[in-house]
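Asker: Prediction below, plus the sequence it came from.
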Amino acid sequence: MNRNQTSATAAPNPSAARGRVDYKWIALSVTTIGALMAAIDSTIVILALPDMMVELHANLIEMIWVIIGYLLISTVFLLTFGRVADLIGRVRMYNLGFVVFTVGSLLCGLSGSATVLIVSRLIQGSGAAMMVVNSVAILTEVFPPNERGRALGINGITWATGGVLGPVLGGLILNAASWRWIFFINIPIGIFGAVWGYIALHEISTRGANEKFDPIGALAFSLSLVSILLALTLGIQFSWTSAPILLLFASFVVFLILFYIWERRSKSPVLDLTLFANRVYNFSVLAALMQSLGLFSVNFLIIFYLQGVRGFDPLTAALLLIPLPLLSAIVAPIGGIVADRIGARVPATLGLLLQAAALFWLSFLTVDTPYPVLAAGLAVMGLGGGLFFSPNTSAAMTAAPKNRLGVASATLATLRQTGMVVSFALSLAVAAGSLPHDVMMQIFVGTSVTLGSHVMQNFVLGIRNAFLFSIVLCLIAAAISLSRGKENRKAVSTSEPHPK
């Protein structure tokens, strides 16, 4: 039996082979490296877009696809990679994600044209999808239910820290070297993570005897998701009622119906629909979807505000957002520990209510609001996010069957990131409604612009309306979170075997 075929029942005690360090902490160290790399990359690239556009002789649309392409591909492949991981092993897929992401980073740094850069970003995004979907599943597998919140909280610190480090490293790199080094910096981290993952991680999941991959279901789901994501992201560039956009919306509906019909008949479905029969899992996933729908646009709208209205350069604007990830990093492990003791319902719901309060506070922004007022709103937003993310994710994954952790994690991540794309489209729609199209595109790719007073006032009003709409979504998410049902993690943990 090779190292990746060890069953859960026959698995040797990893901590015995590694001294006093439990295997679960070793697994956490590996997933933390992947999370840090992906988190830094998500913020550092935006700062380099103006330099990329000049050197590659690219236009604004191509630069926007450097961002959108990565987001689309890392969302579309989540469910497929989650199902494949359940079949061939989560550790194997996670380590492959390190390799693919690192290769994609190398190709991005070597790109000689915008087209090559976009394709390389697609490769990067597929690697990120492999890591994102399996990191939560691996942590769920190795940590007992009454410790998962703490583990996911620590993992959340990494994501938040990456959000802080991204702009700082980006500014330092761009001041000292070419934009290509924002991608090259991933290579040593990726190599270390891949080697450490191969050495340290061991497969403990088992594959069902008759389990098979469902290519038709995977294709139908991917096509439906591609259709809706393209419709939402291209709707700003074209008219929402134009033929291409309407055709994409129609394709989404058709492929989604085909996917549902096929999955109900498939013996080995890509998405096990019985997952949604569990109230805790179902409501946790829905709460994550509504939260991402309401809040992902906030970052973009605040960036638009800081650059377009207040006149800050892209690096300064990114640094001024630091209170949000900083508070999230501080609170995330606390939220996880509380959830381990009393369940996710109270901390997650409280976090959503705090985020709704922060949105209400931010809805009073004006063209000359002092920064401490903005920082206070961002800090409360980060506080709420730290209380919500790790408890909610822990609740969803604890409720999932052990042989479906990959798909359960993929479903959660897919709905969350789909919510992000919809929210992203909302932020562009708000900007497009009050800013000239060329100005909006310049701000998006990090080019400094100056707005007239009338345009500023219209944009601030648009932000206010968007925030009020996001408050409603947050309150709906809070109601869903409160209604998820009570967990009994300690009772579950006493009867569920886990690696020591």
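Answerer: Noted; the coordinates are in hand.

Asker: surely residue 459 meets residue 306?
Answerer: No: using Cβ atoms under 8 Å as the test, residue 459 is too far from residue 306 to be in contact (11.7 Å). Just so you know, the C-beta spots here come from the backbone N, C-alpha and C atoms, and that holds for glycine as well.

Asker: Could you grab the helix/strand/coil label for residue 212?
Answerer: Of the three states, residue 212 takes coil according to DSSP: H, G, I helix; E, B strand; the rest coil.

Asker: scratch that, residue 312 is what I was asking about
Answerer: Applying three-state DSSP: residue 312 is coil.

Asker: Let's see the pLDDT reported for the closest residue in space to it that isn't next to it in sequence.
Answerer: Nearest-residue entry for residue 312: residue 306, 4.8 Å, with adjacent residues in sequence omitted and distances by Cβ to Cβ, 6 or more residues apart in numbering. Note on residue 306: pLDDT of 82.

Asker: which residues touch residue 306?
Answerer: Counting by Cβ atoms under 8 Å, 6 or more residues apart in numbering, residue 306 touches 312, 316, 317, 320.

Asker: Out of the residues you listed, which end up buried?
Answerer: 312, 317, 320 (16 or more other Cβ atoms under 10 Å).

Asker: is it true that the last one touches residue 372?
Answerer: No: with contact defined as Cβ under 8 Å, residue 320 does not count as touching residue 372 (11.1 Å).

Asker: what about the stretch 301-450 of the chain, any weak spots by pLDDT?
Answerer: For the stretch 301-450 of the chain, applying pLDDT under 70 flags the ranges 403, 427-450.

Asker: so residue 420 touches residue 71, yeah?
Answerer: Yes: with contact defined as Cβ under 8 Å, residue 420 reaches residue 71; the gap is 7.4 Å.

Asker: which residues do those two both contact?
Answerer: Joint contacts of residue 420 and residue 71 (Cβ under 8 Å, 6+ apart) do not exist.

Asker: number of nearby residues for residue 81?
Answerer: By the criterion of other Cβ atoms under 10 Å, residue 81 has 30 neighbours.

Asker: who touches it in this structure?
Answerer: So residue 81 contacts 93, 129, 130, 133, 134, 406, 410 (Cβ under 8 Å, 6+ apart).

Asker: Just the local confidence number for it, please.
Answerer: Value for residue 81, per-residue pLDDT: 84.

Asker: Tell me how far it lies from residue 397.
Answerer: Going from residue 81 to residue 397 by Cβ to Cβ, to the nearest Å gives 16 Å.

Asker: ok, back up a step: ok, the contacts of residue 306 vs residue 125, which is closest?
Answerer: Lowest distance from residue 125 to those (Cβ to Cβ) belongs to residue 317, with 24.4 Å.

Asker: Please name the nearest non-neighbouring residue to the closest one.
Answerer: Using Cβ to Cβ, 6+ apart and skipping residues adjacent in sequence, the residue nearest residue 317 is residue 306, 3.9 Å away.

Asker: How far away from the center of its chain is the helix or strand hosting residue 334?
Answerer: For residue 334, the element it lies in under DSSP states H and E is helix 323-342. How far helix 323-342 lies from its chain's middle: 17 Å, per Cα atoms, centre = their mean, to the nearest Å.

Asker: got it, and stretch 170-187?
Answerer: 23 Å.

Asker: Can I get stretch 184-204 in PDB, CA atoms only?
Answerer: C-alpha atoms of stretch 184-204 as PDB (Å, rounded to 0.1, in the frame of the first residue of the first chain):
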ATOM      1  CA  PHE A 184       7.800  35.200  -9.300                       C
ATOM      2  CA  ILE A 185       7.600  35.600  -5.500                       C
ATOM      3  CA  ASN A 186       5.000  32.700  -5.500                       C
ATOM      4  CA  ILE A 187       7.500  30.300  -7.000                       C
ATOM      5  CA  PRO A 188       9.700  29.600  -3.900                       C
ATOM      6  CA  ILE A 189       6.700  29.600  -1.700                       C
ATOM      7  CA  GLY A 190       4.900  27.200  -4.000                       C
ATOM      8  CA  ILE A 191       7.800  24.800  -4.300                       C
ATOM      9  CA  PHE A 192       8.200  24.800  -0.500                       C
ATOM     10  CA  GLY A 193       4.500  24.200   0.000                       C
ATOM     11  CA  ALA A 194       4.400  21.400  -2.600                       C
ATOM     12  CA  VAL A 195       7.400  19.600  -1.100                       C
ATOM     13  CA  TRP A 196       6.300  20.000   2.500                       C
ATOM     14  CA  GLY A 197       2.800  18.800   1.500                       C
ATOM     15  CA  TYR A 198       4.100  15.700  -0.200                       C
ATOM     16  CA  ILE A 199       6.400  14.900   2.800                       C
ATOM     17  CA  ALA A 200       4.000  15.800   5.600                       C
ATOM     18  CA  LEU A 201       0.500  15.000   4.400                       C
ATOM     19  CA  HIS A 202      -1.000  11.500   4.200                       C
ATOM     20  CA  GLU A 203      -4.300  10.300   2.700                       C
ATOM     21  CA  ILE A 204      -6.700   9.100   5.400                       C
END
